[in-house]
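Engineer: coordinates only, no sequence provided:
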């Protein structure tokens with residue numbers, strides 16, 4: 001896909017269509033390859049397979065006339081023009097049969113998700129809810145913004161754009177169809193799903209406190225913590241990647257955050273953290289995870305996951321929690337959070353963190369999900385360090 005995308009070099013008018021095509025192929029990869037396999041037995045070189053995927057995506061899932069989809073795809077197929085032309089024309093003739101067969105295909109194929117992932121969800125929540133979740137993942141994600149309270153109120157921001165809609169999940173969140181560039185340039189908002197604010201609410205920092213955001217980049221949660229603290233006190237925002245810290249610093253500057261310092265640190269590495277023990281009133285650990293709660297936005301996630309990833313991520317998350325726990329003062333609050341839907345990374349990690357860190361008391365957990373709340377999936381656990 002990347003090679004073809006580079007060759008087309010779309011002008012701005014075609015960019016939206018290309019992005020819709022690109023992400024549509026990712027969303028429908030299993031069914032596209034299934035159809036290809038029905039017309040072409042044997043191996044295909046990567047370029048030819050990509051051409052066929054692009055052509056079939058246009059024929060079955062986009063508002064492109066058949067003749068245009070076939071002709072334009074054949075034009076970029078190189079030496080495979082004859083094969084691509086034959087397969088796509090056969091697909092247009094057999095459209096009704098292919099679509100009817102797909103309606104009764106297994107859920108993983110029908111919704112183009114990995115079989116192991118669909119099986120997990122079916123076992124845990126049932127086939128009907130799992131099918132609804134898969135359908136949610138295949139919808140284009142709407143644009144949500146958080147009004148930046150350091151510069152503007154949600155009401156003031158909404159009043160400046162007629163199509164802005166308040167979001168029931170959080171009072172600072174708005175859904176917009178067209179994002180005004182002035183909102184970004186002026187630091188009036190930050191683009192983020194409302195689910196990402198769950199952990200910040202549970203942390204509940206106060207003005208004047210000292211806070212650690214252990215995995216901070218690109219800055220959505222950090223900037224909201226600063227807003228809740230009214231730019232008073234101190235936030236230390238860490239990330240393992242210096243380039244990501246540069247992005248974080250630029251975002252914080254644009255949003256008017258003044259109480260935050262950025263620091264590069266690997267919580268899984270051998271280097272001790274650059275902070276004194278028991279020096280933070282509150283710590284947010286937004287841990288790396290499988291991202292199964294945000295698959296609607298991160299379309300590639302489903303194809304990068306493997307069955308062993310959930311156990312592996314669980315181990316990494318617990319190790320990171322061990323690393324930051326010693327930095328929390330007695331009576332302080334630690335919030336562990338993920339954007340995962342999986343038990344191993346959420347409840348199981350929270351229970352193990354409490355079990356292996358007896359100085360931490362697990363107070364409460366909160367979660368949200370596409371099925372229950374109409375937003376991305378997220379989980380947060382609040383710990384208090386015992387006196």
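Structural biologist: Cool, the structure landed. Predicted model, so just to flag it, every value in this text is computed and none were measured.

Engineer: from here on, just use CA atoms for contacts and neighbour counts.
Structural biologist: Fine.

Engineer: most remote residue from the protein's center?
Structural biologist: With distances taken from the mean C-alpha point of the chain and given as Cα atoms, centre = their mean, the most distant residue is residue 82, at 39.3 Å.

Engineer: quick one: pLDDT of that residue?
Structural biologist: Predicted confidence (pLDDT) at residue 82: the value is 96.

Engineer: measure it to residue 76 for me?
Structural biologist: In this structure, residue 82 lies at 12 Å from residue 76, with Cα to Cα, to the nearest Å as the measure.

Engineer: for residue 84, same thing?
Structural biologist: Here the distance between residue 84 and residue 76 works out to 10 Å (Cα to Cα).

Engineer: neighbour-wise, which of the two wins?
Structural biologist: Neighbours of residue 84 and residue 76, each counted by other Cα atoms under 10 Å, are more numerous for residue 84; the result is 26 against 17.

Engineer: name the element the more buried one belongs to?
Structural biologist: If you go by DSSP states H and E, residue 84 is part of helix 81-93.

Engineer: longest strand anywhere in this protein?
Structural biologist: As assigned by DSSP state E, the longest strand anywhere in the chain is strand 328-338.

Engineer: in this protein, where is pLDDT below threshold?
Structural biologist: Per-residue confidence of the chain (counting by pLDDT under 70) places the weak regions at 1-10, 12-13.

Engineer: give me the phi and psi for residue 361.
Structural biologist: Geometry field for residue 361 lists phi and psi as phi -100, psi 120, criterion degrees, to the nearest 10.

Engineer: in contact with it, which residues?
Structural biologist: By Cα atoms under 8 Å, 6 or more residues apart in numbering, the contact list for residue 361 reads 354, 383-386.

Engineer: with residue 205 instead?
Structural biologist: Contacts for residue 205 were tallied using Cα under 8 Å, 6+ apart; they are 211, 225, 228-229, 282.

Engineer: which non-adjacent residue is nearest the residue farthest from the centre of the chain?
Structural biologist: Leaving aside its sequence neighbours, residue 82 sits nearest to residue 74 (Cα to Cα, 6 or more residues apart in numbering; 7.9 Å).

Engineer: other residues contacting the longest strand of the chain?
Structural biologist: Residues lying outside strand 328-338 but in contact with it, judged by Cα under 8 Å, 6+ apart, are 199, 202-203, 277-289, 291, 321, 325, 345-346, 350, 378-387.

Engineer: Produce a ChimeraX select command limited to the buried residues of the residues you listed.
Structural biologist: Those of the contacts of strand 328-338 that meet the burial criterion (16 or more other Cα atoms under 10 Å) are gathered into one ChimeraX selection, given here:
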select :199,202,203,279,280,281,282,283,284,285,286,287,288,289,291,321,325,345,346,350,378,379,380,381,382,383,384,385
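
Engineer: from the contacts of strand 328-338, which land in helices?
Structural biologist: Of the positions in the contacts of strand 328-338, 199, 202-203, 321, 325, 350 sit in helices, assigned by DSSP state H.

Engineer: what does the helix or strand containing residue 22 rub up against?
Structural biologist: With secondary structure defined by DSSP H and E, residue 22 is part of helix 12-27. Outside of helix 12-27, the residues within contact range by Cα under 8 Å, 6+ apart are 1, 10, 32, 53-54, 57-58, 61-62, 112, 138, 299-300.

Engineer: output the ones in helices among the contacts of strand 328-338 in TSV, with distance to residue 335 appended to each entry.
Structural biologist: Below are these laid out as TSV (distance: Cα to Cα, whole Å):
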residue	distance to residue 335
199	7
202	7
203	6
321	10
325	10
350	10
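
Engineer: list the contacts of the residue nearest the centre of the chain.
Structural biologist: Ranked by distance to the mean C-alpha position of the chain (Cα atoms, centre = their mean), the top residue is residue 294 at 3.7 Å. Taking Cα under 8 Å, 6+ apart as the contact definition, residue 294 lies against 137, 339-340, 376-377.

Engineer: surely residue 221 touches residue 196?
Structural biologist: Yes: under the criterion of Cα atoms under 8 Å, residue 221 lies in contact with residue 196, with a separation of 7.1 Å.

Engineer: so who does the closest residue in space to residue 219 that isn't next to it in sequence touch?
Structural biologist: Take residue 219 and drop its neighbours on the chain: the residue closest to it by Cα to Cα, 6+ apart is residue 248, 5.1 Å away. With contacts defined as Cα under 8 Å, 6+ apart, residue 248 is in contact with 216-219.

Engineer: buried residues of stretch 331-346, list them for me.
Structural biologist: By neighbour count on 16+ other Cα under 10 Å, the buried set for stretch 331-346 is 332-342, 344-346.

Engineer: look up how far residue 22 lies from residue 299.
Structural biologist: Counting by Cα to Cα, the separation of residue 299 from residue 22 is 10 Å.

Engineer: ok, those two, which is more surrounded?
Structural biologist: Taking residue 299 and residue 22 together and counting by other Cα under 10 Å, residue 299 has the greater number of neighbours (20 against 17).

Engineer: ok, the more buried one - contacts?
Structural biologist: If you count contacts by Cα under 8 Å, 6+ apart, then residue 299 has 23, 26-27, 137 around it.

Engineer: before we move on, the earlier item: just the buried members of the contacts of helix 12-27?
Structural biologist: Among those, those scoring as buried are 32, 53-54, 57-58, 112, 138, 299 (criterion: 16+ other Cα under 10 Å).

Engineer: list phi and psi for residue 211.
Structural biologist: Dihedral angles of residue 211 (phi, psi; degrees, to the nearest 10) stand at phi -130, psi 140.

Engineer: before we move on, what about residue 139?
Structural biologist: phi -90, psi 140.

Engineer: residues near it, how many?
Structural biologist: So residue 139, with other Cα under 10 Å, has 14 neighbours.

Engineer: coming back round to it: contacting residues for the residue nearest to residue 82?
Structural biologist: Taking Cα under 8 Å, 6+ apart as the definition of contact, the neighbours of residue 74 are 51, 81-82, 84-85.

Engineer: can you give me the buried ones in the host helix or strand of residue 247?
Structural biologist: Residue 247 is part of helix 242-254 when elements are defined by DSSP H and E. Residues 244-245, 248-249, 251-252, 254 are the ones in helix 242-254 that count as buried (16+ other Cα under 10 Å).
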